[in-house]
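Give the three-dimensional model of this entry:
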Amino acid sequence: MKLADIVSLIELEPLVVIDDPDCQVDTVCGCDLMSDVLAFSQEKTMLLTGLTNPHVIRTCEMTDIKFIIFVRGKRPPQETKDLAKEKGINLYLSPLSMFECCGRLYKAGLGSEIMRRID
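Numbering: from 1, shown residues only. Here you go, the predicted model:
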């Protein structure tokens, strides 16, 4: 799914935009446990999280995740935004809950890496 489609689907507000809106996202990881992100992420994954601290950026840098969506309208501190820009990671904010975001994305055809491994 293209990022541009995701922006309207889950009502995203751009915070730090690095990549073209036509870039592709293949899977979604909805998680607040960064150890799970480390264990289950893959290429072209988008992270949905309620955590806004710089540790999220560091985790995504290690797993090559380029898109972070902060759910429930949670705004990251400037330190997090600055680090994301430095590391080339896109940040967006959704007013929706993680549950609602995941549901809309799943209904639109995006899945998670865990589900792909089970299939």
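
so where's the chain shaky on pLDDT?
Residues of the chain meeting the criterion pLDDT under 70: 41, 43, 112-119.

repeat that with 50
Counting by pLDDT under 50, the ranges of the chain that qualify are 114-119.

Count the neighbours of residue 38 for me.
By the criterion of other Cβ atoms under 10 Å, residue 38 has 12 neighbours. Every residue, glycine included, has its C-beta placed from N, CA and C.

Number the chain from 10, please
Yes, from this point I'll number from 10; that puts the last item at residue 47.

That one against residue 69, yeah?
No. With contact defined as Cβ atoms under 8 Å, residue 47 does not reach residue 69; the gap is 9.9 Å.

What segments of the protein are helices?
Ranges of helices in the chain, per DSSP state H, are 12-18, 43-49, 63-72, 87-96, 107-116, 122-127.

could the ones you listed go into JSON lines alongside distance to residue 31?
Output for these, formatted as JSON lines (distance: least, Cβ to Cβ, whole Å):
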{"stretch": "helix 12-18", "distance to residue 31": "6"}
{"stretch": "helix 43-49", "distance to residue 31": "25"}
{"stretch": "helix 63-72", "distance to residue 31": "21"}
{"stretch": "helix 87-96", "distance to residue 31": "20"}
{"stretch": "helix 107-116", "distance to residue 31": "18"}
{"stretch": "helix 122-127", "distance to residue 31": "23"}
